[in-house]
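Participant: Let me see the structure of the following:
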Amino acid sequence: MLFLIIFVFAGPGELFSRASAESDRVLTVGVVQFAVSEEIYSSSDSFRNAVNTALDRLEAEAAATADGRPLDLAVFPEYTSAFLGLSYLSSEEIQILAADPAGNHGLIKQVLRKAEPDILAVWSEISRDRGYAILAGSTLIIDPDGRIRNRALLFSPRGKLVWTQDKVFPGAPELSLLNLQTGRVSDASSFEISGFRIVTTICRDTYNPIWEQSLPDVDLWIDIKANELPYTREYYSQALPARLLRSPIDVGLTVSLAGELLGFRFTGPTEFMNDAGIIYSTNPYLNNELMVISLPIK
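Facilitator: Presented below is the predicted three-dimensional model:
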């Protein structure tokens, strides 16, 4: 299992642990408290630029303070790509959609179908250019039966989409506004990065104790979130901190969305934790906070 030797705080929003001399097997993970805005989703290019800016910062921090180790994995929060469809809408259509999402399912599905190829192309290009894996948060997709799903996406260092997972327990807005189709716990699977096995849950999923028995004993549990409720410590503590304590997994990361869009304000910290509790937590109200961690393995 993973173990942490020394923690070095290099500045606000960044956490690093130095590898043990007994092992050179280390996973370096960079995470982004990605901030949404209408400007970012005005075009594929503006979205790509925002993602690349965040990755430039992560790489610089990793090179400067994480023993100079390059990133093995970058992680973005839930819904990072979900709003790219807005680039296909006029300002009037965006206002109509913001005023009544539930009454405009046809328009939502139309833009999601248009946006999906762009989303896949952008992340494929970025991960291939960067040369490391990227957990691209989640996006909304239309499945073959015409239903909307909230799907997490992992891209390999060669730009291939190598893993997906659908949200199983949607929040109330997803059900009422999107009539979101749910995934199945039995379909959830781990993925491997540089010899480390990792599992992911999506926001509201992590509040359900079924995951404690359903997920395998792996090296790292990542919870990607887009919290549109007012942030409270109690609410966040009921998610991954509670699940991790009762699961066979020892180390976890929560990665939260930030910013304001379509009348929603997203807040919440990005956190690194183990069974003993929260080790480090970012400011829940700041945009584009970063965290880089290096995890040695026995």
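
Participant: you'd agree R151 is in a strand?
Facilitator: Yes. Counting by DSSP: H, G, I helix; E, B strand; the rest coil, R151 is found in a strand.

Participant: let's number from 848 now, not from 1
Facilitator: Sounds good: first residue 848 from here, last item R998.

Participant: mind checking how far it is from E939?
Facilitator: Between R998 and E939 the computed distance is 29 Å (Cβ to Cβ, to the nearest Å). Just so you know, the C-beta spots here come from the backbone N, C-alpha and C atoms, and that holds for glycine as well.

Participant: Show me the helices in the stretch 948-1097 of the chain, by range?
Facilitator: 952-977, 1019-1025, 1057-1061, 1080-1084, 1087-1093 (DSSP state H, counting those that start in this stretch).

Participant: worst average pLDDT in those helices?
Facilitator: In terms of average pLDDT, helix 1019-1025 trails the rest of the helices of the stretch 948-1097 of the chain, at a mean of 87.

Participant: Show me the contact partners of that one.
Facilitator: Outside helix 1019-1025, the residues that touch it by Cβ atoms under 8 Å, 6 or more residues apart in numbering are 948-949, 952, 955, 987, 995, 997, 1014, 1017, 1027, 1075.

Participant: which two in these are spaced the farthest apart?
Facilitator: H952 and E1075 (19.3 Å; Cβ to Cβ).

Participant: More neighbours: the two, which one.
Facilitator: Legend: neighbour count by other Cβ atoms under 10 Å for H952 and E1075, higher for E1075 (18 against 13).

Participant: Nearest spatial neighbour of that one, chain-adjacent residues omitted?
Facilitator: F1111 (4.7 Å; Cβ to Cβ, 6 or more residues apart in numbering).

Participant: Which strand residues bridge the one you found?
Facilitator: L1108 (DSSP bridges).

Participant: Pull up the pairing partners for the lengthiest strand in the chain, direction included.
Facilitator: As assigned by DSSP state E, the longest strand anywhere in the chain is strand 980-989. Next to strand 980-989 in the sheet, as set by DSSP bridges, lie strand 920-923 (parallel), strand 995-1002 (antiparallel).

Participant: Show me the shaky parts of the chain.
Facilitator: Along the chain, segments meeting pLDDT under 70 span 848-871, 913, 1144-1145.

Participant: the more surrounded of R998 and E939?
Facilitator: R998 (19 against 8).

Participant: bridging residues for that one?
Facilitator: Applying DSSP bridges, one finds that R998 bridges with T986, D1013.

Participant: which residue ends up closest to the midpoint of the chain in space?
Facilitator: Taking Cα atoms, centre = their mean, the centroid of the chain lies closest to P924, which sits 2.6 Å from it.

Participant: so how many other residues sit close to the residue found closest to that one once you drop the neighbours it is linked to in the chain?
Facilitator: With Cβ to Cβ, 6+ apart as the criterion, P924 has its nearest non-adjacent residue at 4.1 Å, and that residue is L1104. L1104 has 30 neighbours, counted by other Cβ under 10 Å.

Participant: same thing with D1064?
Facilitator: 12.

Participant: With R1051 instead?
Facilitator: Count around R1051 with other Cβ under 10 Å applied: 20.

Participant: quick revisit: tell me which of the contacts of helix 1019-1025 is nearest to L933?
Facilitator: I955 (10.6 Å).

Participant: and that closest one, what is it in contact with?
Facilitator: Neighbours of I955 in contact, by Cβ under 8 Å, 6+ apart: 932, 944, 948, 995, 1025.

Participant: Over to L1137?
Facilitator: 860-861, 877-880, 901, 904-905, 908 are the contacts of L1137 under Cβ under 8 Å, 6+ apart.

Participant: Show only the entries of these found in helices.
Facilitator: 901, 904-905, 908 (DSSP state H).

Participant: Check whether I1126 sits in a helix, strand or coil.
Facilitator: strand.

Participant: for A945, that is, sorry about that
Facilitator: Quick answer, by three-state DSSP: A945 is helix.

Participant: what's the burial count for it?
Facilitator: A945: 15 neighbours (other Cβ under 10 Å).

Participant: likewise S1036?
Facilitator: 12.

Participant: ok, it to V1102 distance?
Facilitator: In terms of Cβ to Cβ, S1036 sits 19 Å off from V1102.

Participant: Right, I'll leave it there.
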